[in-house]
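Student: fold the following and give me the result.
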Amino acid sequence: MIQDIEPHSLANEYRPEARPAAGDMVLFVRGQLLAVRRVDQEAPSFAFPRLGDDGVPAEGLTYLFSLDDRSCWLAPQAGGAEPPAGYELVHNRSLRMEGRGPRELMYVAYTAVHLGGWYASNRFCGTCGTPLAHHGTLRALRCSSCGNLVFPRLNPAVIVCVRDPERDRIVLTRYAAGRYAPIDALVAGFVEIGETIEDCVRREVREEVGLAVKNITYYKSQPWGVAGDILSGYWCDVDGDATLHVDKGELGRAFWASPTEIPGQPDDLSLTNEMMCAWRDAHLGR
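Tutor: Residues are numbered from 1 along each chain as shown. From the prediction side, this is the model:
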């Protein structure tokens with residue numbers, strides 16, 4: 001998955017004492033866009049601007065996190081610095097689907113989009129409207145007027161692999177046209193206020209494909225920064241009638257797939273892909 005970057009390591013703790021140094025990466029984030037330089041057209045890959053390169057600002061940077069022994073910084077967004085010559089603003093989906101770089105840089109990209117979006121959306125206090133400023137020691141923004149503290153937001157969401165043990169198959173879905181990348185996935189959705197994660201699993205499966213489920217079992221989790229998510233993966237079994245009733249407003253299609261009908265996604269970055277391929281491979285003896 002995207003966070004599996006060994007032998008590299010991404011350290012996400014906030015370091016107020018950090019100071020920019022030559023060679024540090026500087027992330028130009030504009031919504032879901034990031035500034036990258038294509039480094040190999042035949043085997044698509046990319047690189048981020050580095051401190052010390054021409055046109056890369058050394059002032060007004062915000063510390064994000066570190067990759068190995070190098071700090072990663074957010075370029076100024078409000079009023080913003082333009083990416084240096086030779087770099088282009090590219091949507092994060094394009095980085096994944098068309099020009100994926102090394103896994104550790106994909107992880108940097110997704111996490112930078114998450115934090116960059118949080119900073120851009122929290123310039124003013126939601127309580128009194130006063131401009132927010134960095135907290136001295138925490139990854140937080142503080143209002144000097146009312147004392148309100150704003151921390152980075154995480155959106156809990158579930159990825160659900162619905163199994164039919166009697167027929168040796170699982171539910172695959174594909175989002176409605178134009179919503180996300182046109183690849184097979186699993187049932188997924190956000191946890192609502194006042195809802196347990198297990199109830200979210202039941203509700204999302206019922207809403208998206210019209211099934212009741214049982215035997216809900218946790219698999220593992222994944223950060224998914226481009227949506228500000230923390231994803232939790234679950235297995236479950238269909239309970240009763242296995243007829244699919246697809247929510248056409250949400251999904252383009254949904255279908256029961258046998259192990260041989262699961263090609264997997266084009267890359268191995270997502271929890272969704274790992275779960276459906278793990279189920280497939282277990283049943284094919286791989």
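
Student: how is the protein partitioned into domains?
Tutor: What automatic domain parsing lists as the domains of the chain is 10-121, 155-284.

Student: out of those, flag the one nearest residue 144.
Tutor: domain 10-121 (17.0 Å; C-beta to C-beta). No exception for glycine: its C-beta is placed from N, CA and C like everyone else's.

Student: end to end, how far does the closest one reach?
Tutor: Terminal residues of domain 10-121 are spaced 24 Å apart (C-alpha to C-alpha, to the nearest Å).

Student: same question for stretch 10-30.
Tutor: Chord length of stretch 10-30, first to last residue, is 22 Å (C-alpha to C-alpha).

Student: which residues outside the longest strand seen in the chain are in contact with it?
Tutor: In the chain, taking DSSP state E as the definition, the longest strand is strand 213-224. Contact partners of strand 213-224, identified using C-beta atoms under 8 Å, 6 or more residues apart in numbering, comprise 1-3, 110-111, 114, 157, 160-162, 198, 201-202, 205, 229-239, 270-271, 275.

Student: mean pLDDT added to the domains of the chain, as TSV?
Tutor: Listed next are the domains of the chain as TSV, based on pLDDT from 0 to 100:
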stretch	mean pLDDT
domain 10-121	89
domain 155-284	93
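
Student: a markdown table for these, including mean neighbour count and distance to residue 139?
Tutor: Output for these, formatted as a markdown table (neighbours: other C-beta atoms under 10 Å; distance: least, C-beta to C-beta, whole Å):
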| stretch | mean neighbour count | distance to residue 139 |
| --- | --- | --- |
| domain 10-121 | 17 | 4 |
| domain 155-284 | 17 | 14 |
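
Student: what's in contact with stretch 234-242?
Tutor: Counting by C-beta under 8 Å, 6+ apart, 158-165, 167, 197-198, 201, 205, 211-219, 256, 275 sit against stretch 234-242.

Student: please redo it, this time with the cut-off set to 6 Å
Tutor: 158, 160-165, 201, 211-218 (C-beta atoms under 6 Å, 6 or more residues apart in numbering).

Student: ok, stretch 166-173 next?
Tutor: So stretch 166-173 is contacted by 161-163, 184-185, 209, 251, 254-258, 279 (C-beta under 6 Å, 6+ apart).

Student: switch the cut-off to 8 Å
Tutor: For stretch 166-173, contacts defined as C-beta under 8 Å, 6+ apart pick out 161-164, 184-188, 208-209, 211, 242, 244, 251, 253-259, 261-262, 276, 279, 283.

Student: now, these that are in strands?
Tutor: Secondary structure defined by DSSP E assigns 161, 162, 163, 164, 187, 188, 251, 253, 254, 255, 256, 257 of the contacts of stretch 166-173 to strands.

Student: tell me which of those is nearest to residue 17?
Tutor: Of all the ones in strands among the contacts of stretch 166-173, the one sitting nearest residue 17 is residue 188; the distance, using C-beta to C-beta, is 38.9 Å.

Student: separation between that closest one and residue 250?
Tutor: Distance of residue 188 to residue 250, given as C-beta to C-beta, to the nearest Å: 10 Å.

Student: so which elements touch the lengthiest helix in the chain?
Tutor: In the chain, taking DSSP state H as the definition, the longest helix is helix 103-121. Counting contacts by 3 or more C-beta pairs under 8 Å, 6 or more residues apart in numbering; DSSP states H and E, helix 103-121 is packed against strand 10-11, strand 25-27, strand 29-30, strand 33-40, strand 62-67, strand 70-74, helix 92-97, strand 213-224.
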